[in-house]
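Asks: Build me a model:
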Amino acid sequence: MINNINDLIKASDKFSMPDGKIEMKAKGRLEFISKFPLTSIQNLKVDDYCLGTFERL
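Replies: Residues are numbered from 1 along each chain as shown. Got it, this is the predicted structure:
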């Protein structure tokens with residue numbers, strides 16, 4: 001359990017980001033921006049946003 005800053009620092013020493021995680025997040029951001037450009041996102045309805053973020057299987 002993390003009770004203070006020193007515990008947090010010790011826990012962070014053991015952390016390692018899984019390979020490809022940063023690239024996967026960056027790819028997701030780029031896909032989002034391509035689906036919802038800044039110029040049009042303000043005009044989206046909730047339903048349009050939800051349908052646009054649905055990941056097809």
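
Asks: measure the spatially most central residue of the chain to I41 for me?
Replies: The geometric centre of the chain, computed from its C-alpha atoms, lies nearest to K25 (Cα atoms, centre = their mean), at 5.4 Å. Note on K25: its distance to I41, by Cβ to Cβ, to the nearest Å, is 19 Å. Any C-beta I mention is one placed from the backbone N, CA and C, and that applies to glycine too.

Asks: Same check on S34?
Replies: Going from S34 to I41 by Cβ to Cβ gives 12 Å.

Asks: what about these two, which has more around it?
Replies: Using other Cβ atoms under 10 Å, the more surrounded residue of S34 and I41 is I41, with 14 against 8.

Asks: Now the more buried one: phi and psi?
Replies: phi -60, psi -30 (degrees, to the nearest 10).

Asks: where are the low-confidence patches of the chain?
Replies: Low-confidence segments of the chain (pLDDT under 70): 1-2, 52-57.

Asks: make it 80
Replies: Low-confidence regions of the chain, defined by pLDDT under 80, span residues 1-3, 48-57.

Asks: Could you count how many residues lie near P37?
Replies: Applying other Cβ under 10 Å, we find 8 residues neighbouring P37.

Asks: and the host helix or strand of the residue nearest to the centre of the chain, what does it pack onto?
Replies: Using DSSP states H and E, K25 falls within helix 21-35. Where contact means 3 or more Cβ pairs under 8 Å, 6 or more residues apart in numbering; DSSP states H and E, helix 21-35 is packed against helix 46-53.

Asks: now the helix it packs on and helix 21-35, what's the angle there?
Replies: With axes from the mean of the first three to the mean of the last three Cα atoms, to 10 degrees defining the directions, helix 46-53 sits at 130 degrees from helix 21-35.

Asks: Now find how far off-centre helix 46-53 is within its chain.
Replies: Centroid displacement of helix 46-53 relative to its chain, using Cα atoms, centre = their mean, to the nearest Å, is 17 Å.

Asks: Repeat that for stretch 32-39.
Replies: Its chain's average C-alpha position is 15 Å from that of stretch 32-39, according to Cα atoms, centre = their mean.

Asks: Kindly report the same for stretch 26-39.
Replies: 11 Å.
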